[in-house]
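>>> Below are the sequence and a predicted model for it; my questions follow.
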Amino acid sequence: MISEPVKKEEVAEKRIGFTVVLHVFMIVVASAYPEGEFFLWLTIGLVAEALIVFRILLLWKRYKHYTKRYYTLQVYWMLTGAAIYAVIPFVRVTYSTAYFAIMLVGTLLLFLLGYSSRSWLAKVFLNPKKINLLRMLPIVLFVIIMIGLFTMAVLQVKEMHPNVGLSVFLYMLGAFLLFVAGPFSMTEERLEELKNAD
């Protein structure tokens, strides 16, 4: 009697290569811009990346047989890391000035706002009734890019250091990535609830 073949259990691949390459590229750029203290900021960035990779590997160990859950969490950490590294140039521009405390408080508030609005954003991504709001996301990104470019142009005219304008633009892009990342941290059960919510 021939026994039936045993179905092989699906195991998620780690797939952290793209995340690490993207993050390391962003770390190098953030460390080089603005000029000065490259190796200090490179070290800070690489330590942060090591912690992110360690977290992803722990998640893989825990969820390797729950592929969907693992991949959504990996995307969350990829976007969160990208948001952090996009903010670094603005931190570097402001950390020796009086604006640093304001920037720090503003960034913490953005993190809290991004976390608290993740359910709403998940509805926008998943709920067919919210399709009109989903169409607004590219518009929001376009507006952020336009505001960033306008800010850069204004700061150039005011003869401020050219690093300030690009740093503000990257900061805004990082904030956008942070908001987009939020829904990927939620459980499948919660996402299913939001998918069918009014």
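Good, I have the coordinates.

>>> and Glu49, how many neighbours?
19 (other Cβ atoms under 10 Å). Every residue, glycine included, has its C-beta placed from N, CA and C.

>>> where's it, which helix or strand?
helix 38-63 (DSSP states H and E).

>>> Please point out which parts of that helix sit buried.
For helix 38-63, burial by neighbour count (16 or more other Cβ atoms under 10 Å) applies to Trp41, Leu42, Ile44, Gly45, Ala48, Glu49, Ile52, Val53, Ile56, Leu59, Trp60, Tyr63.

>>> On the C-terminal side of it, identify the next helix or strand.
That would be, after helix 38-63 and using DSSP H and E, helix 67-94.

>>> tell me the average confidence for the following helix or strand past that next one?
Downstream of helix 67-94, the first helix or strand assigned by DSSP H and E is helix 99-116. For helix 99-116, the mean per-residue pLDDT is 81.

>>> Give the buried residues for helix 99-116.
Neighbour-count burial for helix 99-116 [16+ other Cβ under 10 Å]: Met103, Thr107, Leu110, Phe111, Gly114.

>>> Pretty sure the first one sits against Arg92.
Spelled out, that is Met103. No: the criterion here is Cβ atoms under 8 Å, and Met103 misses it with Arg92 at 10.8 Å.

>>> Nearest to Glu189 among the buried residues of helix 38-63?
Within these, proximity to Glu189 (Cβ to Cβ) peaks at Tyr63, which comes in at 14.1 Å.
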